[in-house]
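Asker: I need the structure of the sequence given here:
(2 chains)
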Amino acid sequence: MAKLLIVEDDLILDEAYRKKYSGQYDIRVETEGEGGIKAIKSWKPDVVLLDLYLPGKSSGLDVLSFLKKDVSTARIPVLVITNLPDATEKVKAMGADECFMKTDVDLDLIEKSLRDILTKATR
Amino acid sequence: MKGLNDEVKISGQFRVFLLMVTTVVLLLGSLWIWIYVFQSVEEQRKAEFNRVVETTKEEVINSLFLVVERLYDLRGFITSGGVDLEKWNSYLLATGVDNRQPGIYTFGYAPRVEKKELESFLEKIRREEKSPMYENFSVYPVADNADYFPIQYIFTRDEDLKSFLGYDLGSSTTQTAAIKQAVFEDTSVITDLLSVGMVIPGNEKVGYEVMLPVYSREDIGELPMDERNKYFVGLVGTWIFPESLIPMAEKEEILRLGNIKVTVFDGDREMFLVGNEKVREAEVVDSHEVILLNKKFRFEFAAAKSMILSPFTERLPLLTGIGLIIVNLMWMTTIYSVLIARRRALHLAEEATGDLVKFKQAVEGVSDQVIITDIDGVMIYVNGATEKASGYKKEDLVGKKIEFLHESTNDFSKKVWKTIKENKKPFWGETLNKRKNGEVYEAEVEVSPIFDEAGELIYFVGVERDLTRMRAMEKMKREFLSLASHQLRTPLSAVKWFGKMLLSGEAGKLNPDQKGYVEKIYESNEREIDLVNSLLNVSRIESGKIVVVPRQTDLKTMVETVVIDLRQEADKGRKKITLVLDRKIPEMMIDGDLIRHAYSNLILNAIRYTKTGGKILVKVYLDKNKVMSEVKDNGIGIPRVEQKRVFEKFFRAANALKKVTDGNGLGLYLSKTIIESSGGKIGFKSVENKGSTFWFSLPVKSQERK
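Answerer: Numbering: from 1, shown residues only, chains lettered A, B, ... in the order given. You can find the predicted model right below:
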């Protein structure tokens, strides 16, 4: 099972992720940027679902930037799922594979995208 | 603030001061002139009076002299040839003495009759004199003297005086002494005052007798004095009324002058001579002693102030006074009216300039920049806000061209000048200005041409507003909106995700009712998401933050996708979408996401505002160097009066509000912004209840990234 790291502070959405994906993925949820970074370092996920607007010292952008800087983690694909507008261009430039507005997608679409990314990454 | 007004006041006050000084000078001058005239007149009066006094004195003396001269003539006549009544009368008539003798003249001859000869003398007269008046001739008053001097001949025009015939001139002792003296010295003497009443009881006339002794020898002057009495034979005399001392001509002169009274005093006895007897309270009195024939007389000249001089001269001070008062009054009236006019003018000016001052203060203090330029754009006035915004001092700006403050391009300037100078219309727009420190800032500018009454352009008034603060506010608003939309979206996404899961049956199969309800929740949520997205877009557009990212895009495929996506929606109302695509359309450099939004917006509107079974035609074709897109429907259309506002933010036509309740009024506004941001144009034609055709054009050529 692929390891999916979810960095999302909204507990309800976390619950939705869990409900939907726990059968298909090995899921770990972090609600703060700091925790996300630690998890990336220690747990080495196969793919990251990343929110941008996070509480604590590090934002989603910090997490992305950390991940892409470290050679050992740089290849981990990142799917940015956010509600902050005008982020797409920026995060893609930073190395994110995909970026969705939460309200534009649903869990099925995200799952489809995840699969595509993983397929691409493992290819 | 010391303004024009105050300067006017100050110079005005100086003028008022001058007027006051002039008035005082005029008043004092008038007074001086009046005093001068008054004194001149008084001096003239005095001189005139003195002249009268002197002349009268002279004339009196002259008269007496003349009388005495006559007496000497008469004596010579008597001495040389004796005398009888006939000779006497004819002599006096022939000499015509009455032409020169003052007043009523009377001459008499009284022989010296010794006491012992008195009877024979009377007899002789009664015998010899033929005239009837001698019939009862007698000597009176009866006195016992050594010598008698009865008047034997009398020549007079005064009938009363004829009664003196026979009167003894030596009847009183004083007169006897006087006669003795006269004989001794061979000189004329004057008697005391005699009253006609002595001979005619009740007669009030008084007078003097001037007497000259007659001798029987002609050479009497050569004889020693004490021998003269031997040859002394009689007296010639003349009667003088006191008033006759002054000759007629002089009397007339005094009477002409009016208020002069001349009286003569013989001792205490006062006798009025001539003039106005009514002069009682004389203001000028001149008293002169005159010795006439060794007798002292005192002449008193009294004059009332008035009427001595000619009426004109007399009235001169009065006339001058009146004239001066009139001049002064006229001057003061003038001054008064000038001052009143000035006060009114000042008042009006105060009112007028008060408004001006207010206007100026308002313009000066207003927070917008106010700049007045001449018709060539040279600044002639800038207000405080302009100084503050530009960083330049007024004196740095006035005289310079308005472009000095602008950072905008020439094209912008041309556009402004064309509007205000050629078209003579106000210009409104946004521009870039430059501060003294080089900082460039956005400003909203409104320039109005100002015309004079003849319609001639006289200057321009520009009002500019520094938009820096507004932009900062906008940024804050934008950031707020951005964050707010993020926060709004979070719960919406949860609803969406869980709703979707419910509907997909992952959490167990829903019965039809449940499914229907969840679908309602889901759709409402979708609408909410749409609204939040639109709001965000609006905020982005308004902040100029909408980013057009042109990419090589296959427009045909994109349009097809949109139509396919929306066909599902159209099918719900059995509405038919027809797509006509020009296959020649090449790939274009456009921002696909944004343009797609515009297409879907227009087509979605067409679906929404078309009745069930309506028809929608989407036509995209190449027209020269641009791609034309049309979305035509046979729907409710847009009311004519509301067509102007269709592209306004949040605007919704009245009929659209009834038809579709969930529109947010942002779609067309966003579409217009997207198309125009992409270098295209957008428009529509619409007839209410017939349908609308929305169109937009996009340039085929690639577009620069904005």
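Asker: what segments of the stretch 351-500 of chain B are helices?
Answerer: In the stretch 351-500 of chain B, the helices defined using DSSP state H, counting those that start in this stretch lie at B:384-390, B:394-397, B:410-417, B:468-503.
Asker: now render those as JSON lines, adding mean neighbour count.
Answerer: For glycine as for every other residue, the C-beta is placed from the backbone atoms N, C-alpha and C. Shown next, in JSON lines, are those (neighbours: other Cβ atoms under 10 Å in any protein chain shown):
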{"stretch": "helix B:384-390", "mean neighbour count": "19"}
{"stretch": "helix B:394-397", "mean neighbour count": "14"}
{"stretch": "helix B:410-417", "mean neighbour count": "14"}
{"stretch": "helix B:468-503", "mean neighbour count": "17"}
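Asker: pretty sure residue B:387 contacts residue B:405?
Answerer: No. Assessed by Cβ atoms under 8 Å, residue B:387 is found out of contact with residue B:405, at 11.2 Å.
Asker: any common contacting residues for these two?
Answerer: Common neighbours of residue B:387 and residue B:405 (criterion: Cβ atoms under 8 Å, 6 or more residues apart in numbering or on different chains): residue B:397.
Asker: which among the helices of the stretch 351-500 of chain B is found nearest to residue B:133?
Answerer: For residue B:133, the closest of those is helix B:394-397, at 126.9 Å, according to Cβ to Cβ.
Asker: contacts for that closest one, please.
Answerer: Applying Cβ under 8 Å, 6+ apart, the set of residues contacting helix B:394-397 is B:379, B:382, B:386-387, B:390, B:404-405.
Asker: from the chain's centroid, how far away is it?
Answerer: Centroid separation for helix B:394-397 versus its chain: 39 Å, with Cα atoms, centre = their mean, to the nearest Å.
Asker: dump the helices of the stretch 351-500 of chain B to JSON lines, plus mean pLDDT.
Answerer: JSON lines is the format used below for the helices of the stretch 351-500 of chain B (pLDDT from 0 to 100):
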{"stretch": "helix B:384-390", "mean pLDDT": "90"}
{"stretch": "helix B:394-397", "mean pLDDT": "89"}
{"stretch": "helix B:410-417", "mean pLDDT": "80"}
{"stretch": "helix B:468-503", "mean pLDDT": "85"}
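Asker: I'd like those helices as JSON lines, with distance to residue B:59 appended.
Answerer: Output for these, formatted as JSON lines (distance: least, Cβ to Cβ, whole Å):
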{"stretch": "helix B:384-390", "distance to residue B:59": "99"}
{"stretch": "helix B:394-397", "distance to residue B:59": "95"}
{"stretch": "helix B:410-417", "distance to residue B:59": "108"}
{"stretch": "helix B:468-503", "distance to residue B:59": "115"}
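Asker: quick one: closest of the ones you listed to residue A:20.
Answerer: helix B:468-503 (6.9 Å).
Asker: is chain A contacted by the closest one?
Answerer: Yes. With Cβ under 8 Å from any Cβ of the partner chain as the criterion, chain A is reached by helix B:468-503 at B:482, B:485-487, B:489-490, B:492-494, B:496-498, B:500-501.
Asker: what separates that helix from the chain centre, distance-wise?
Answerer: 74 Å.
Asker: so which elements touch that helix?
Answerer: Judged by 3 or more Cβ pairs under 8 Å, 6 or more residues apart in numbering or on different chains; DSSP states H and E, helix B:468-503 is in contact with helix A:11-21, helix A:107-122, strand B:440-451, helix B:512-542.
Asker: give me the residue at the spatial middle of the chain.
Answerer: With no chain named, the answer covers chain A. Centroid-nearest residue in chain A: residue A:49, 1.7 Å away (criterion: Cα atoms, centre = their mean).
Asker: who's in contact with that one?
Answerer: Residue A:49 touches A:4-8, A:17, A:79, A:81, A:110, A:114, counting by Cβ under 8 Å, 6+ apart.
Asker: out of those, grab the one that's most surrounded.
Answerer: Scoring the contacts of residue A:49 on neighbours with other Cβ atoms under 10 Å in any protein chain shown, the highest-scoring entry is residue A:7 at 31 neighbours.
Asker: for the residue nearest to that one when sequence neighbours are not counted, give me the pLDDT.
Answerer: Spatial nearest neighbour of residue A:7, excluding adjacent residues (Cβ to Cβ, 6 or more residues apart in numbering or on different chains): residue A:36 at 3.8 Å. If you check residue A:36, the pLDDT there is 93.
Asker: for residue B:5, same thing?
Answerer: Predicted confidence (pLDDT) for residue B:5: 56.
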